[in-house]
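Novice: Provide a 3D model corresponding to the input given below.
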Amino acid sequence: MIPSTSVPTVVRPLNKTAQPTNRRPRQRSRRISVRGFLLSILLLLSSGFFLALAALPVGRVASAAISAGVVIAAFVLGRFAQKFWHARTLTVLLLAFVTFRYFFWRLTGTLPPSDDLLNFIPGVTLFAAEALSFVLFLTSLFIIIDPLTREPVEPTGDPAFWPTVDVYIPSYNEEPELLETTLAAAVSIDYPRDKLRVYLLDDGGTDQKLAHPNPASAAEARERRATLTALCERLHVTYMTRPRNEHAKAGNINHAFHQTNGDLMLILDADHVPTSGILKATVGFFQQNARLFLVQTPHFFVNPDPIEYNLGTFERMPSENEMFYYSIQPGLDRWNGSFFCGSAAVLRRAALEEVGGFSGDTITEDCETALELHARGWDSAYLPRPLIAGLQPETFDSFIVQRSRWTQGMIQLFLLKNPLFKSGLSLPQRLCYLSTMLYWFFWFWRPIFLLSPLCYALFGMEIYRINLPDFACFVLPHVFAAAFLSQFLHGRMRWPLFSELYEYLQSFHVSRAALATFLRPRNPVFKVTAKGQSVDKDGFSPLATPFILVTLLLALGLAACAWRYSLYPEHRAAIVPVAVWNGLSFILSLGGLAVVYERKRVRRQERFTMERAAELVFANGDRIDVIVTDASAGGVGLDVDPRWRERLTQPDSPILIIAATETEAATTTGVRLSRMEMRGGTLAVGAGFSPRNRQDIVEMARFVFGNSVGWDNFLDRKRVQAPTFFGGLLFFITRVVPRLGHVLLALPGAVGRILLFRAP
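Specialist: Numbers count the residues shown, from 1 in each chain. Okay, the predicted model is just below:
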């Protein structure tokens, strides 16, 4: 065994371990304003009135007229929503009324009779899925109806009295190169040097791992500890590990929490590189509110996830996570319900000491910790400003590992610490947490919605009793109202079909993890999401089997609908709605196939475009003006006048100096020239960073990741106005169809392997 004394000592003295206290919660601060109170009353009264009105029985013609009139009125009223907050509220309520009417019609007029079990059981299952999604719909409306928008709050007063900040960067198996970038950016954060300490919390080099019975694993852990210790010494960062790997990320952070004493803690994932202004934008909130335990900021990603990469949407439309970080979290913040997301957040030590540190009963220690502190009367704040740049999973299987962990953690919270019964929470906070947890039940309703039309198409089962007039009177208005409502509330953040695609692609695999959690809610184990993976060649993911089978079934369902339409003309009024439903499901499934047929992806570091003036300075004094056109953690792309080509081929290594801007000083770092090619009359040069010392490393990180203005500009370029439902459907198809040629060529072989019980 390796003795515990082998753990490198930390710079700061040990604090006495904080223990949970039995103190009564302090009086809750009055975060909900008069506007919020009035909004709550308006929602409560209006919802009751609309529920009663929606339940009134009227004929089809009257129903169609009511739905059309309500949608038109909401469309007109929505034009004033930017000027008057109550206009926004009334618009939402009017559109929700159409959905209320649909739901009551669905309950009273479409369920099979209970004595027909063959149709009744699947019919009720479909209705249960709709009912659950309807509850989520209602809670979501409450949350995002009036989002709160904040601006950064800089710390005030004498910097000598600003709070001290400990930066925690937990790590498990990340590569040293990735950690170096994050650490270098962390030590260059713009904050008084004597008030800032940076810690690398390494769970890959614990005493337990050094004493692993497998000699190769033990040697790997020893090498990792030595490498990271040297890296931390070079960057003036404190390396910290612990005796045993217990309680995953929460245990790792808690070990550091009990050995440090900063007033505030900035938590960063190993691949979340902070901007230099992250503390200047957040610390002021804590000075303003002594009962504030959290300031959460968005997770901004510089690389596409597997869906964005394989469909080519990363620079064409907002990412999936942007709806959460720029629409839902500001809505939660209105009700003092924004929560900790595991990284890119600043927390107050005094609040965490009340609960003994970070919670670890579930594998989503972030949301669980926020729930516990909200229940004790502490406040949270959400700042919608990207202040870190992170990495998303690159492969579909790593994407599923990440989402399975999130699903399991939220279900654990729902079962073990249900917000409806958690003492200390306000009613709005209960609804905020309930809505967040209910979303992670999509694995239940999404496959049911997708596959239900097959019951009629393939087997003639009538689990949803509908005809064409009812489809026009109830279903179509509901679909249009829901699409309009989504666009109205989420603006540019949500495009038609893409949220459904994300849910579909996760459903089949995360459902197994979810069901296992229901059976044993304390059993899930934290699994680290792999980053920096590559796809060596085009081909189906090992997880593609259910998506191939579903697509084939839905294609068969469309053929069956056509057959029934031609053979049974008296049933056409029922067949058409089923065929439309089946067709939309089929389009969604084709999108799924285009994603799980993964494109080759080997780039190790993501590049992003920019335009910055710079100079190359050589040892003999030569200076060349260049333009930086793109950058990554590993290097930059340069545009150079072609007349300097011969000079660039000479062997001496240049230094790159990026010109200063109004908000930051000039950056100086060593580079090595790696490639040159002519592009339209300009010499394009690739230059890899070759830092000469610690200062070069820090300046390199500051240049690439230090300024969040670049992130805001990148996000704004993607946030064009969301298309209508039909425009979104067309965009979805244009993203999917070009990929289908390769998919169809590979499909016969994949089906053959499935029949032989092998992965595609």
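Novice: how about the strands in the stretch 101-250 of the chain?
Specialist: 165-171, 196-202, 238-240 (DSSP state E, counting those that start in this stretch).
Novice: Please list the residues outside the first one that contact it.
Specialist: Applying C-beta atoms under 8 Å, 6 or more residues apart in numbering, the set of residues contacting strand 165-171 from outside is 179, 182-183, 186, 189, 191, 195-204, 228, 249, 252-253, 256-257, 260-270, 279, 283, 346. Any C-beta I mention is one placed from the backbone N, CA and C, and that applies to glycine too.
Novice: pLDDT of it, averaged?
Specialist: In this model, strand 165-171 has a mean pLDDT of 97.
Novice: relative to strand 196-202, how tilted is that strand?
Specialist: Orientation check (axes from the mean of the first three to the mean of the last three C-alpha atoms, to 10 degrees): strand 165-171 against strand 196-202 gives 20 degrees.
Novice: Just the CA trace of strand 165-171, in CSV.
Specialist: What follows is strand 165-171 as a C-alpha-only set of coordinates in CSV (Å, rounded to 0.1, in the frame of the first residue of the first chain):
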residue,chain,number,x,y,z
VAL,A,165,-11.9,32.7,-4.1
ASP,A,166,-10.8,29.0,-4.4
VAL,A,167,-10.9,27.7,-7.9
TYR,A,168,-11.6,23.9,-7.9
ILE,A,169,-10.9,22.0,-11.1
PRO,A,170,-11.8,18.3,-10.5
SER,A,171,-10.2,15.8,-12.8
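Novice: Please report how far Gly262 lies from Tyr239.
Specialist: Gly262 sits 17 Å away from Tyr239, going by C-beta to C-beta, to the nearest Å.
Novice: Okay, buried residues for the top helix by length along the chain please.
Specialist: Ranked by residue count under DSSP state H, the longest helix found in the chain is helix 725-755. By neighbour count on 16 or more other C-beta atoms under 10 Å, the buried set for helix 725-755 is Phe725, Gly728, Phe731, Phe732, Arg735, Val736, Arg739, Val743, Ala746, Leu747, Ala750, Ile754.
Novice: which of the residues you listed has the weakest pLDDT?
Specialist: Phe725 (76).
Novice: which residues touch that residue?
Specialist: Applying C-beta under 8 Å, 6+ apart, the residues near Phe725 are Val479, Phe480, Ala483, Pro496.
Novice: Any stretches of the stretch 451-600 of the chain with poor pLDDT?
Specialist: Low-confidence segments of the stretch 451-600 of the chain (pLDDT under 70): 530-534.
Novice: residue boundaries of the strands in it?
Specialist: When assigned using DSSP E, counting those that start in this stretch, the strands of the stretch 451-600 of the chain occupy the ranges 539-540, 597-598.
Novice: show me where the stretch 451-600 of the chain has helices.
Specialist: 453-459, 468-470, 476-490, 498-519, 545-567, 572-596 (DSSP state H, counting those that start in this stretch).
Novice: Same list, those, but as JSON lines with mean neighbour count please.
Specialist: Putting those into JSON lines (neighbours: other C-beta atoms under 10 Å) gives the following:
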{"stretch": "helix 453-459", "mean neighbour count": "21"}
{"stretch": "helix 468-470", "mean neighbour count": "15"}
{"stretch": "helix 476-490", "mean neighbour count": "20"}
{"stretch": "helix 498-519", "mean neighbour count": "19"}
{"stretch": "helix 545-567", "mean neighbour count": "18"}
{"stretch": "helix 572-596", "mean neighbour count": "21"}
